[in-house]
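Trainee: Just need the structure, nothing else, for what follows:
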Amino acid sequence: MYKISNQLVSNKTKFFMILLSFTVIASFSSLSSPSPAKAFAEENGTPVQKTIDLNEGFDNSNEASIEPLSLTSEAATSQGAVTANDHDANFSPSTLQFLKANTGLDGEQWDNIMKLVNKPEQDSLKWTEFYGYAEDIGDNRGYTIGIFGATTGGTNDTGPDGPDLFKAFDAASGASNPSIAGGLTRAGLKGKMSGSILKLSDSDSVIKRKINALQNNEAWREAMWRTFYDTYIEYSVQQAQKRGFNTALTIGSFVDTALNQGATGDSGSLEGILSRSGSSTNEKKFMTSFYAKRTLVVDTNDYNQPPNGKNRVKQWSSLLASGETDLKNADAAVIKATNWELQ
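Mentor: Sure, this is the predicted structure:
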């Protein structure tokens, strides 16, 4: 074997690298440059009509499927809107079944009713965030609690529903002999009944903190809906059906009146307003009269702070005027009806 000098190896290496560089450059040029036909056409100002299929002649049968691209911000927003409008997701399966069986209304209809109720109560359409709400709002009804404003009672409310809520909480939690005291203990609160009024003895901060801690408690949520139904929804549905009315808007209007002003009792209650609304069997005519009668009293007796009461009624009457009586596919209509400023 002959020995080759280092200088010769170096020269050959340099020559080889230069040759390789030209080869690579030429290869890239052939890929990036326009085809001769296209280049010629462009020089002559004639556009090329033929579309070249880059996959032509290739077998892609063994290629892995391509994962979808991540959503654009616009698409993500659209998908978020769809998720937000999954009405049934705002209820447990047992609550949905219970409401459907006892009111004839589905999750979408009840979700819209609750949005209309929660706007004047909490200035929000996100009603599910208020299972753990508790506050003394200074209306002489004691503490207002949860999604339908159960109260512990006071001079303006001598028949409060708060005691029933705590008893129902004890029952939903598994008590064999449920009681108000048992529900209070489960909630970590102290209190006792003074006649029909529930007197809570904890500090304001403790009451709010303990109730807030129940926000995601399943038994508390079940108790909330059962008490809501027993106190307001059942009577409202009965009053609608006895008049031959079954629409979600009418039932919702009655429920909103009952929880805000009382189901039965004085002239300002649902019972009192119904007694002055006439006897028409035409639902639109009757409800128009009902809204007019309610408007006269809704801002009195600490029911609402003016003009919130009138705007509260107008939510329902405007939906009636626009024909949104079943509250189905009514997301935009509900948003429009609740687009007012709470004072």
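
Trainee: Using the three-state scheme, assign Q238.
Mentor: Recorded secondary structure, Q238: helix (DSSP: H, G, I helix; E, B strand; the rest coil).

Trainee: now it: how far from G162?
Mentor: Q238 sits at a distance of 23 Å from G162 (criterion: C-beta to C-beta, to the nearest Å). Quick note: C-beta positions are derived from backbone N, CA and C, even for glycine.

Trainee: between these two, who's got more neighbours?
Mentor: Between Q238 and G162, G162 has the larger neighbour count (other C-beta atoms under 10 Å), namely 27 against 11.

Trainee: wait, the more buried one sits on G153?
Mentor: Yes - the criterion here is C-beta atoms under 8 Å, and G162 meets it with G153 at 6.6 Å.

Trainee: All the helices of the stretch 51-200 of the chain, residue numbers only.
Mentor: Counting by DSSP state H, counting those that start in this stretch, one finds helices in the stretch 51-200 of the chain at the ranges 73-84, 93-103, 107-122, 162-172, 180-187.

Trainee: I'd like to know how far S269 sits from R294.
Mentor: Shown here: S269 relative to R294, a distance of 11 Å by C-beta to C-beta.

Trainee: overlap in contacts of the two?
Mentor: By C-beta atoms under 8 Å, 6 or more residues apart in numbering, S269 and R294 have these common neighbours: T257.

Trainee: For A248, find the nearest of the helices of the stretch 51-200 of the chain.
Mentor: Nearest to A248, of all those, is helix 107-122, at 4.0 Å by C-beta to C-beta.

Trainee: What residues of that closest one count as buried?
Mentor: Going by neighbour count (16 or more other C-beta atoms under 10 Å), the buried part of helix 107-122 is 107-122.

Trainee: Buried residues, stretch 122-135. List them.
Mentor: Buried positions in stretch 122-135, judged by neighbour count with 16+ other C-beta under 10 Å: Q122, L125, W127, F130, Y131, G132, Y133, A134.

Trainee: Same question for stretch 231-241.
Mentor: Buried-residue list, stretch 231-241, by 16+ other C-beta under 10 Å: T231, Y232, I233, E234, Y235, S236, V237, Q239, A240.

Trainee: what's the closest non-adjacent residue to the residue nearest to the spatial centre of the chain?
Mentor: Compute the mean C-alpha point of the chain, and by C-alpha atoms, centre = their mean the closest residue is K126, 5.1 Å away. Counting by C-beta to C-beta, 6 or more residues apart in numbering, the nearest residue to K126 once its immediate chain neighbours are dropped is N118, at 7.5 Å.

Trainee: Would you mind measuring from the one you found to F130?
Mentor: In terms of C-beta to C-beta, N118 sits 7 Å off from F130.

Trainee: Which residues are in contact with each of these two?
Mentor: When contacts are counted by C-beta under 8 Å, 6+ apart, N118 and F130 have S124, I147 as shared neighbours.

Trainee: returning to what we had before: which one of the helices of the stretch 51-200 of the chain lies nearest to A330?
Mentor: Proximity to A330 (C-beta to C-beta) singles out helix 107-122 among the helices of the stretch 51-200 of the chain, at 5.8 Å.
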